[in-house]
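# Fold the following and give me the result.
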Amino acid sequence: MGIVQVAVSKYLNKRYSSKIAKLKDYIKEKGLIDDIVKSIIEKQEKEKIENKINLLCENKELLSFAE
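Have a look, this model is predicted:
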């Protein structure tokens, strides 16, 4: 995924930038990840789960947090 251990450690210890905090809050508030989690729990086809993740990654509102 291209994520270094230091970044993972900072995230797990809640020492991340304000942009990430805002993004995390937005995703939680909108329930954007709920469908993906439900799909994983229900053991849906890998392709369907990947498609949902891709749609999340292409979300224009989410992309605005990266700017």
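# quick one: low-confidence ranges for this protein?
Filtered on pLDDT under 70, the chain yields the residue ranges 1, 66-67.
# now the helices for it?
Counting by DSSP state H, the chain has helices at residues 5-12, 18-30, 34-41, 46-57, 60-63.
# I'd like the ones you listed as JSON lines, with mean neighbour count appended.
C-betas here are computed from N, CA, C, even on glycine. Shown next, in JSON lines, are those (neighbours: other CB atoms under 10 Å):
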{"stretch": "helix 5-12", "mean neighbour count": "10"}
{"stretch": "helix 18-30", "mean neighbour count": "12"}
{"stretch": "helix 34-41", "mean neighbour count": "12"}
{"stretch": "helix 46-57", "mean neighbour count": "12"}
{"stretch": "helix 60-63", "mean neighbour count": "10"}
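# Report the contact partners of I36.
Residues in contact with I36 (CB atoms under 8 Å, 6 or more residues apart in numbering) are 49, 52-53, 56.
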